[in-house]
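>>> can you look at this prediction? I've put the sequence above it.
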Amino acid sequence: MSFSTSGTFRPVILDDIRGAQKMLAGVARMTAMEGSRHLSQLVGAPVHLKCENLQRTGSFKLRGAYVRISGLSPVERAAGVVAASAGNHAQGVALASSLLGVRSTVFMPMGAPLPKVAATREYGAEVRLHGQVIDETLAAAQEYAHETGAVFIHPFDHPDIIAGQGTVGLEILEQCPEVRTIVVGIGGGGLAAGIAVAVKAVRPDVKLIGVQAEGAAAYPPSLAAGYPVSIDAPSTMADGIKVGCPGDVPFKIIGDLIDEVRTVSEDELSSALLLCLERAKLVVEPAGASPVAALLSDPRSFKGPVVALLSGGNVDPLLMQRILRHGMAAAGRYLSLRLRLTDRPGALAALLGSLSVVDANVLDVSHVRTDPRLGLTEAEVELQLETKGPEHCELVAATLRDAGYRVMR
């Protein structure tokens, strides 16, 4: 499709993406576009959520994987394909391969969430667990490709992948023709690059904003340098955009067509995930919530109508539990306190009485009586409280101090 006979890549163009859209008919869903009243009020303009978290396999990755594998020759198909991924790309490759009758092998890190491993197997791939970090997993997959002749399916650094992901951009223009700003998360850059090619070719006036996690933001220094720059030890809960170096193919496109790249904090990511769950009733993974996090961080800086792309919804239940607690804390709705009181009968009841006065819900209480820092008649109590926001948190702490307790947060 976009791979020339000489073995070199040619640029991705709108015709490639339109061709990919025809190829994906009946394979990938046109996912819903949902309005968000809450975000619209914050931004001061209509905000719509493009729900790729509801796509088959739970993310946009099926689109690019199917287009890439469809473009293989009969000889290449007979050799099978191989991929490396912690989750979304793995499932996309597995399902695309099964639909096309191609054998697939997917390498996943040893610590990959069990639901993602199980889903990848159920979609038809042979799963091999290797390495503690994705770089080790990637190296194993590439070695397997070299030894067996299987075609390595890169998660973002190939024109056919970019063309497949770009079909999301065509859908956005069809579903929201009045759009003025599109916000999309960026990892390696395949999704953002594809959307940029599609949208700018049809509507060059639309502003495209990419979003990266602060701890895994390789694009800002790369764009400043003019070439892909690797960052050491990227760290973020948003594993879907946890990429240490941009891909060569999407980097050029993003540098030319994306108007701005912003970063968001872990607190903003967890708050965005919580908002999607509570307000939009949508389960979204941290990477998928990154555009919403950007809207929350500076809502009045976006010209509407705005489309925020929810790129995926594959989140491990245990991680979801931790993120929700983190999001509640970031939103001032979850408060952890330590305080000291006299270790005597009725002391805890009195403390809980003080909390009931200010309507703080006690989730957990733990006692420490043997710490050498404590006085002979002292006990330390750690409280986990559900609160109603930052102002309520301050009220709870002030009420306890006024009651004579030594509060440590």
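All right, it came through fine.
>>> tell me the buried residues in the helix or strand harbouring residue 350?
According to DSSP states H and E, residue 350 maps onto helix 347-357. For helix 347-357, burial by neighbour count (16 or more other CB atoms under 10 Å) applies to 351, 354, 355. Where C-beta positions appear, they are placed from N, C-alpha and C, glycine not excepted.
>>> how about the CA coordinates for that helix, as CSV?
What follows is helix 347-357, C-alpha atoms only, in CSV (Å, rounded to 0.1, in the frame of the first residue of the first chain):
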residue,chain,number,x,y,z
ALA,A,347,-10.5,7.7,72.4
LEU,A,348,-11.2,6.2,69.0
ALA,A,349,-15.0,6.7,69.5
ALA,A,350,-14.4,10.4,70.2
LEU,A,351,-12.3,10.7,67.1
LEU,A,352,-14.9,9.1,64.9
GLY,A,353,-17.5,11.4,66.5
SER,A,354,-15.5,14.4,65.4
LEU,A,355,-15.4,13.0,61.8
SER,A,356,-19.1,12.4,61.8
VAL,A,357,-19.8,16.0,62.6
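>>> and that helix, what does it pack onto?
Packed against helix 347-357, as judged by 3 or more CB pairs under 8 Å, 6 or more residues apart in numbering; DSSP states H and E, are the following elements: strand 334-342, strand 361-368, strand 378-386, helix 390-402.
>>> returning to that earlier point: which one of the buried residues of helix 347-357 is nearest to residue 92?
Proximity of the buried residues of helix 347-357 to residue 92 (CB to CB) peaks at residue 355, which lies at 48.2 Å.
>>> next up, the contacts around that closest one.
362, 383, 385, 396, 400 (CB atoms under 8 Å, 6 or more residues apart in numbering).
>>> rerun at 7 Å
Neighbour list for residue 355: residue 362 [criterion: CB atoms under 7 Å, 6 or more residues apart in numbering].
>>> and residue 282, how far is that from residue 13?
Distance, residue 282 to residue 13, using CB to CB, to the nearest Å: 33 Å.
>>> which one of these two has more residues nearby?
For residue 282 versus residue 13, neighbours defined as other CB atoms under 10 Å are more numerous around residue 282 (22 against 16).
>>> and that one, what pLDDT?
In this prediction, residue 282 carries a pLDDT score of 94.
>>> what sits up against stretch 93-102?
Looking at what lies outside stretch 93-102 - CB under 7 Å, 6+ apart - the contacts are 27, 56-57, 62, 65-66, 69-70, 77, 80-81, 83, 103-104, 106, 120, 123-125, 153.
>>> which positions in that stretch come out as buried?
93, 94, 95, 96, 97, 99, 100, 102.
>>> can you check stretch 397-405 too?
Buried-residue list, stretch 397-405, by 16+ other CB under 10 Å: 397, 399, 400, 403, 405.
>>> ok, and the closest non-adjacent residue to the first one?
I take that to be residue 397. Closest residue in space to residue 397, ignoring its immediate chain neighbours: residue 407 at 5.4 Å, by CB to CB, 6 or more residues apart in numbering.
>>> swap in the third one?
Leaving out its chain neighbours, the residue that sits closest to residue 400 by CB to CB, 6+ apart is residue 407, at 5.2 Å.
>>> can you tell me how far the one you found is from residue 148?
Distance from residue 407 to residue 148, by CB to CB: 62 Å.
>>> who's more crowded, these two?
Counted by other CB under 10 Å, residue 407 and residue 148 do not tie: residue 407 has more neighbours, with 16 against 12.
>>> which helix or which strand is home to the more buried one?
In this structure, residue 407 sits in strand 406-408 according to DSSP H and E.
>>> sheet-wise, list the partners of that strand with their directions.
Here strand 406-408 is paired, per DSSP bridges, with strand 334-342 (antiparallel).
>>> and the strand it pairs with, C-alpha only, in PDB?
The C-alpha coordinates for strand 334-342 follow below in PDB (Å, rounded to 0.1, in the frame of the first residue of the first chain):
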ATOM      1  CA  TYR A 334     -10.000  10.700  49.200                       C
ATOM      2  CA  LEU A 335      -8.000  11.800  52.200                       C
ATOM      3  CA  SER A 336      -5.300  10.000  54.100                       C
ATOM      4  CA  LEU A 337      -4.400  11.300  57.600                       C
ATOM      5  CA  ARG A 338      -2.200  10.200  60.500                       C
ATOM      6  CA  LEU A 339      -2.800  11.600  63.900                       C
ATOM      7  CA  ARG A 340      -1.900  10.800  67.500                       C
ATOM      8  CA  LEU A 341      -4.300  10.400  70.400                       C
ATOM      9  CA  THR A 342      -4.200   9.200  74.000                       C
END
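>>> what does it rub up against?
325, 328, 347, 351, 377-387, 393, 396-397, 400, 405-409.
>>> pull the distance from it to the chain's centre.
Offset of strand 334-342 from its chain centre (CA atoms, centre = their mean, to the nearest Å): 34 Å.
>>> stretch 236-255 too?
12 Å.
>>> likewise for stretch 210-219?
That offset, for stretch 210-219, works out to 11 Å (CA atoms, centre = their mean).
>>> what about it, average pLDDT?
In the prediction, stretch 210-219 has an average pLDDT of 96.
>>> how far does it stretch from start to finish?
Stretch 210-219 has its terminal residues 9 Å apart, counting by CA to CA, to the nearest Å.
>>> quick one, what contacts the residue most central in space within the chain?
Nearest residue to the geometric centre of the chain (CA atoms, centre = their mean): residue 287, 0.8 Å. Going by CB under 7 Å, 6+ apart, residue 287 touches 185, 187, 238, 239, 240, 241, 311, 312.
>>> would you mark the buried spots in the longest helix anywhere in the chain?
The longest helix of the chain (DSSP state H) is helix 159-175. Buried residues in helix 159-175, counted by 16+ other CB under 10 Å: 159-173.
>>> what helices or strands is that helix leaning on?
helix 14-23, helix 61-70, helix 190-202, helix 248-257 (3 or more CB pairs under 7 Å, 6 or more residues apart in numbering; DSSP states H and E).
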